[in-house]
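okay, here's the prediction I keep looking at, along with the sequence it came from:
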Amino acid sequence: MPILVSVIVCIHICIGVVASSRSQPNIVFILADDLGWNDVSWNNDKMLTPTLEHLARKGVRLDQAYSQQVCTPSRAALLTGKYPFHIGRQKRALKPLQPTGLHLNLTTIPQELKKLGYNTHIVGKWHLGYCAWEY
């Protein structure tokens, strides 16, 4: 199942959980560049990743999906639920002075979560546009 479909299914499940309960569950997406299949303890007992393993056991793990080759397409796909090719983000990582970014007319997961009363925050690199605050 492609990652985009998995993310959309996950969001719909989360929306259903939020709608049917009084308290909202925490939602944490971890997107790790260059993390290979055998780089985590649940796939390779020689790798010690106890914190990630704990999070994986307690949460939803999407491990039957395709990812993109570099960070900008991966982040664009995760945030929008669209294949990067369809939104013009299929190429390499965006550089800080490139006068482009994620198209502002696209709806993102954080925008939808805010409608449900969530606070959203990003930690780490962005690579989806730097030349305007709107990105």
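That came through fine. Just so you know, these numbers come straight off a predicted model, no measurement behind them. Residues are numbered from 1 along each chain as shown.

where in the protein is pLDDT low?
Scanning the chain for pLDDT under 70 picks out 1-22.

please enumerate the helices of this protein.
Taking DSSP state H to define them, one finds helices in the chain at 3-20, 50-58, 71-80, 84-87, 109-115.

contacts for the third one next, please.
The contact list for helix 71-80 (C-beta atoms under 8 Å, 6 or more residues apart in numbering) reads 3-4, 7, 29, 31, 33, 67-68, 82-84, 87, 89-94, 102, 106-110, 125-128. For the C-beta atoms, the positions are set from N, CA and C on the backbone; glycine is no exception.

which among these end up buried?
By neighbour count, with 16 or more other C-beta atoms under 10 Å, those hold 3-4, 7, 67-68, 82-84, 87, 89-90, 93-94, 102, 108-109, 127-128 as buried.

what separates Ala65 from Thr100, distance-wise?
Ala65 sits 26 Å away from Thr100, taking C-beta to C-beta, to the nearest Å as the criterion.

meant to ask about Thr72, not that
10 Å.

look up the residues that both of these two are in contact with.
Leu94.

who has more neighbours, those two?
Thr72 (25 against 15; other C-beta atoms under 10 Å).

and Trp133, its phi and psi?
Per-residue torsions, Trp133: phi -60, psi -30 (degrees, to the nearest 10).

check the burial of it by counting its neighbours.
6.

let's check: the centremost residue of the chain is which one?
Centroid-nearest residue in the chain, with C-alpha atoms, centre = their mean: Leu78, separated by 3.9 Å.
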